[in-house]
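Asker: Quick one, fold the following:
(chains A, B and C)
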Amino acid sequence: MKIQQIDHKLAELGLHLPVLPTSKGIYQRCLTIGNLVYFSGHVSVNTDGSFITGKLGADLNEEQGKAAARQCGLAILAALKEHLGSLDKVKRVVKLLGMVNATPDYQHHPVVINGCSELFASLWGPEHGVGVRSAVGMGSLPGNVAVEIEGIVEIGDW
Amino acid sequence: MKIQQIDHKLAELGLHLPVLPTSKGIYQRCLTIGNLVYFSGHVSVNTDGSFITGKLGADLNEEQGKAAARQCGLAILAALKEHLGSLDKVKRVVKLLGMVNATPDYQHHPVVINGCSELFASLWGPEHGVGVRSAVGMGSLPGNVAVEIEGIVEIGDW
Amino acid sequence: MKIQQIDHKLAELGLHLPVLPTSKGIYQRCLTIGNLVYFSGHVSVNTDGSFITGKLGADLNEEQGKAAARQCGLAILAALKEHLGSLDKVKRVVKLLGMVNATPDYQHHPVVINGCSELFASLWGPEHGVGVRSAVGMGSLPGNVAVEIEGIVEIGDW
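Answerer: Below you'll find the predicted structure:
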């Protein structure tokens, strides 16, 4: 039986994949086109699937925002695992669009989205875990969640 | 002469493709790369090409927002038909980025964007008509339109 | 020695590629997948790498916004040149997501983002320099920059 390397790293880091919330939205969580897996915008959820809500610049400080972005990352991992069977099929992160629920004067979106990027870098390394990225401020997000992140990963052999 | 199946379904649903508005923006409506067609952000327009405007959470209720998102979907279909010659060349919807013009406290973006997703599901079925998606709240949109949606479809044989 | 055609055009236009700012964000500026180069959200910077800040609808007028978007375009060119070695490897612009830092009532995002699109059209022509595009209003952007633009270009022979 083959060891699931990414699952093993997550366990070593003491991290747990969240329950993915059910949604009123009509979408697929992941979709494969060739060697790319597109994933839907995943929102900041606690391990039990409940939403992490609030706006950066008003309700949440930077550390709380970063933790919320990491939870988006864990939700993305849960969706990819469900879709691919194993997270070891991911070759590298291609792209993230990090969307932060923020007040009009908020300025530290990149630090917040680092919560997700640092997670992926710790799993796949600084070369394969880090792709292109935008980290930007939304006027509002579904259910007033703090962060939502969509993107693309590449699958295949290293 | 081959029957245009998607055109036929649109007629059965009593839906009409809108006149695509002219824009001050410099862009192509659609662009094909291999088997993927990328399409520009299409805004909520009435059948005559006039804008559907207003913010969710202030000017428009959920049903009006959903209808606006469906009109974005019809504008996307008009653009794809112009680009491809026939909507029957679309194999499946890959990705939508649904952008809702909303107040900072608005929370029901997924329900609004369902107006487009339900349209595509009714044309191509729940498997091929529904791809990955984000439904998020913008601070502002061009001409104060209610909804703007961009994305990717795959073309080819089923 | 081969003439760098795009560099030559930039010099003829009197344009200079900016110093790319260092960032607290964890990301790659560009990433190649097959014949596509994805690039990160690049923000409006002056030639010395300092940020062009402010909101459209409050702090900056349309011409200033357009100039800011052109500077995003020049930052994208700097990043692509660093990644590819030569801008002559770019075959065409595939996609831009133009994000404007704007007040809730701002409406002229497409004109602002034209500042980038006109630059690319002047370098690669109206067919190859112009791809699909969305031009939308963000609630906030990192460091209060005026404009941020991400996207995709295709590389290869014409």
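
Asker: quick one, what contacts the residue nearest to residue A:36 when sequence neighbours are not counted?
Answerer: Distance criterion Cβ to Cβ, 6 or more residues apart in numbering or on different chains; nearest residue to residue A:36, sequence neighbours excluded, is residue A:152 at 5.4 Å. C-betas here are computed from N, CA, C, even on glycine. The neighbours of residue A:152, taking Cβ atoms under 8 Å, 6 or more residues apart in numbering or on different chains as the test, are A:36, A:37, A:38, A:39, A:94, A:95, A:131, C:38.

Asker: Next SSE downstream of the lengthiest strand in chain A?
Answerer: Determined from DSSP state E, the single longest strand within chain A is strand A:90-101. Note on strand A:90-101: by DSSP states H and E, the next helix or strand toward the C-terminus is helix A:109-128.

Asker: So is that next one next to chain B?
Answerer: No - against chain B, helix A:109-128 shows no contacts by Cβ under 8 Å from any Cβ of the partner chain, the least distance being 13.4 Å.

Asker: re the thing from before, which of the contacts of residue A:152 lies closest to chain B?
Answerer: residue A:38 (4.7 Å; Cβ to the nearest Cβ).

Asker: measure the closest one to residue C:104 for me?
Answerer: Applying Cβ to Cβ, to the nearest Å, the value for residue A:38 to residue C:104 is 30 Å.

Asker: Buried by neighbour count: which residues of stretch A:26-37 qualify?
Answerer: Across stretch A:26-37, burial judged by 16 or more other Cβ atoms under 10 Å in any protein chain shown covers A:26, A:27, A:28, A:29, A:30, A:31, A:33, A:36, A:37.

Asker: does the fourth one really touch residue B:133, like I thought?
Answerer: No - here residue A:29 lies out of contact with residue B:133, judged by Cβ atoms under 8 Å, at a distance of 9.6 Å.

Asker: Residue A:61 and chain C: what is the separation?
Answerer: 16 Å (Cβ to the nearest Cβ, to the nearest Å).

Asker: And the strands in chain A?
Answerer: Using DSSP E, strands in chain A cover A:30-33, A:36-43, A:90-101, A:132-138, A:147-155.

Asker: Quickly compare those and say which is most buried.
Answerer: strand A:132-138 (a mean of 28; mean count of other Cβ atoms under 10 Å in any protein chain shown).

Asker: close to chain B, is that strand?
Answerer: Yes - contact of strand A:132-138 with chain B (Cβ under 8 Å from any Cβ) involves A:137, A:138.

Asker: Can I get that strand in CSV, CA atoms only?
Answerer: Provided in CSV are the C-alpha atoms of strand A:132-138 (Å, rounded to 0.1, in the frame of the first residue of the first chain):
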residue,chain,number,x,y,z
VAL,A,132,1.0,33.0,-10.0
ARG,A,133,-1.5,34.9,-7.8
SER,A,134,-3.6,37.9,-7.3
ALA,A,135,-4.7,39.0,-3.8
VAL,A,136,-7.5,41.6,-4.0
GLY,A,137,-10.3,43.2,-2.0
MET,A,138,-14.0,42.3,-2.7
